[in-house]
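Enquirer: Model the structure of this input:
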Amino acid sequence: MSTTIQVAQEVKKMLDELKAHPKESYNMVIKRLLQSKTDQKVLSEETVHNIERGLEDIKAGRVYSTSEVKKRLGIK
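Expert: Here you go, the predicted model:
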């Protein structure tokens with residue numbers, strides 16, 4: 001069951017900045033924040049940065065499929 005909440009525009013902007021990727025829902029952002037208060041295994045800033053870089057690579061097409069990698073490395 002979903003519920004609607006109201007947040008100030010300032011809070012919405014802050015939530016936007018905390019998104020791990022552009023399509024992450026506000027629900028997931030809030031859930032991740034809440035878990036970070038209780039979970040000792042929170043991702044480090046470096047890990048989040050590396051994930052963001054990986055997502056940028058995917059968007060820019062700087063990726064290879066497994067079959068492309070195998071072909072380039074001569075693996076069957």
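
Enquirer: What distance do you get for Val11 to Glu56?
Expert: Between Val11 and Glu56 the distance, using CB to CB, to the nearest Å, works out to 26 Å. From N, CA and C alone the C-beta is placed, and that goes for glycine too.

Enquirer: How about Lys13?
Expert: For Lys13, the distance to Glu56 (CB to CB) stands at 21 Å.

Enquirer: swap in Ile75?
Expert: Counting by CB to CB, the gap from Ile75 to Glu56 is 27 Å.

Enquirer: With Asp16 instead?
Expert: When distances are taken as CB to CB, Asp16 and Glu56 turn out to be 17 Å apart.

Enquirer: Check Ile5 too.
Expert: 31 Å.

Enquirer: between these two, which one's more packed in?
Expert: Glu56 (11 against 6; other CB atoms under 10 Å).

Enquirer: which residues sit against the least confident helix or strand in the chain by mean pLDDT?
Expert: Of all the helices and strands that make up the chain, the one with the lowest confidence by mean pLDDT, DSSP states H and E is helix 26-38; it has a mean of 87. Defining contact as CB atoms under 8 Å, 6 or more residues apart in numbering, one finds that helix 26-38 is touched by 12, 15, 18-20, 42.

Enquirer: Could you chop this protein up by domain?
Expert: Following automatic domain parsing, the chain resolves into domains at 1-40, 43-76.

Enquirer: what residue lies at the spatial centre of this structure?
Expert: Residue closest to the average C-alpha location in the chain (CA atoms, centre = their mean): Ala20, at 3.2 Å.

Enquirer: right, and that residue touches His49 too?
Expert: No - under the contact definition of CB atoms under 8 Å, Ala20 does not touch His49, with a separation of 10.5 Å.

Enquirer: So which of the contacts of helix 26-38 is the closest to Gly61?
Expert: For Gly61, the closest of the contacts of helix 26-38 turns out to be Ala20, at 20.7 Å, with distances computed as CB to CB.

Enquirer: what's the spacing between the closest one and Leu33?
Expert: Looking at Ala20 against Leu33, where the rule is CB to CB, the gap reads 11 Å.
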